[in-house]
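*Asks:* coordinates only, sequence not included:
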């Protein structure tokens, strides 16, 4: 099975997961965050519990808030310990557009990373607000 997992500092992962449920069936999405003040060993125990039933047949799309952050590196270490890291696509800088596209494309592993990153970048822009002095056309 292809699984989307969101990992973050604090409650960002759970918040994105909850928001995804407004758009898609997010039943096969998992989320976990490193709690404020939590040590890495405790977090690793929670990650190990989350992935305990994963097998070599599973493929993981791991979305993270920061590449190199403790939540991601700890999660990746847990995957490596279960010999699942080779079946994992890791993408950093998660936002709603990225997460939504990852869920929608989770069964197309060849496209998921490029499309999720492309859509995430496209979602980042400045909204130009017309001033009240501008003429309406």
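*Replies:* Nice, I can see it. The model shown is predicted, which means the values in this text are computed figures rather than measured ones.
*Asks:* who does the helix or strand containing residue 91 pair up with?
*Replies:* Following DSSP states H and E, one finds residue 91 within strand 88-92. Within its sheet, and counting by DSSP bridges, strand 88-92 is paired with strand 59-64 (parallel).
*Asks:* what is the mean pLDDT for the strand it pairs with?
*Replies:* Strand 59-64 comes out with an average pLDDT of 97.
*Asks:* Tell me which residues are up against the strand holding residue 91.
*Replies:* For strand 88-92, the surrounding residues in contact (CB atoms under 8 Å, 6 or more residues apart in numbering) are 59-68, 72, 76, 79, 98, 102, 109, 112-113, 116-117. Placement of C-beta: from N, CA and C, glycine included.
*Asks:* Same check on stretch 72-85?
*Replies:* Taking CB under 8 Å, 6+ apart as the rule, stretch 72-85 contacts 5, 7, 32, 34, 40, 43-44, 47-48, 51, 54, 56, 58, 60, 62, 64-66, 88, 90, 92.
*Asks:* quick one on the thing from earlier: how distant is the strand holding residue 91 from the center of its chain?
*Replies:* For strand 88-92, the distance from its own C-alpha centre to the chain's C-alpha centre is 8 Å (CA atoms, centre = their mean, to the nearest Å).
*Asks:* do stretch 83-100 as well
*Replies:* On the basis of CA atoms, centre = their mean, stretch 83-100 sits 5 Å off its chain's mean C-alpha point.
*Asks:* ditto for stretch 70-86
*Replies:* Centre to centre, stretch against its chain (CA atoms, centre = their mean), the figure for stretch 70-86 is 14 Å.
*Asks:* Nice, that's everything, thank you.
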